[in-house]
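Asks: Predicted structure and sequence below. I'll ask about it afterward.
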Amino acid sequence: MKWYLLVLKKYAVFEGRSRRSELWYFVLFDILIAMAVLFISQFLRFQIIYTLYSLAVLIPSIAVAVRRMHEQPERERV
């Protein structure tokens, strides 16, 4: 859960690097929370809750993916 909160704290940071665990734990908790929010919004018949959650997590998701792509290139093998 700490990785999920860390990504939300750095929601607009597109520089630097993210660990593999930071990305995948964020994805795991995002899916679990999204499923819970979707279930609640379906139960209440109020779809805007899920839409707002999805929009709120969109930029942090993109930011952590971009930071993960900032990998150091492997050394050239001769």
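Replies: Yep, it's here.
Asks: Find the residue at the geometric middle of the chain.
Replies: Nearest residue to the geometric centre of the chain (Cα atoms, centre = their mean): residue 61, 3.5 Å.
Asks: any idea how far it lies from residue 26?
Replies: 8 Å (Cβ to Cβ, to the nearest Å). Using the backbone N, CA and C atoms, a C-beta is placed for each residue, glycine as well.
Asks: I'd say residue 23 and residue 68 touch.
Replies: Yes: contact status for residue 23 versus residue 68: in contact at 4.7 Å, counting by Cβ atoms under 8 Å.
Asks: Which helix or which strand is home to the residue lying closest to the residue nearest to the centre of the chain once chain neighbours are set aside?
Replies: Distances taken as Cβ to Cβ, 6 or more residues apart in numbering place residue 30 nearest to residue 61, at 7.0 Å, with adjacent residues excluded. In this structure, residue 30 sits in helix 20-44 according to DSSP states H and E.
Asks: now what about the helix or strand of the chain with the lowest mean pLDDT, what contacts it?
Replies: Lowest on mean pLDDT, DSSP states H and E among the helices and strands of the chain sits helix 2-9, with a mean of 87. With contact meaning Cβ atoms under 8 Å, 6 or more residues apart in numbering, helix 2-9 is reached by 18, 21-22, 25-26, 29-30, 60, 63-64.
Asks: Where does pLDDT dip in the chain?
Replies: Applying pLDDT under 70 to the chain picks out residues 71-78.
Asks: if we go to 50?
Replies: Applying pLDDT under 50 to the chain flags no residue at all.
Asks: just to revisit the earlier point, ok, then the element right after the helix holding residue 30?
Replies: Following helix 20-44 toward the C-terminus (DSSP H and E): helix 48-69.
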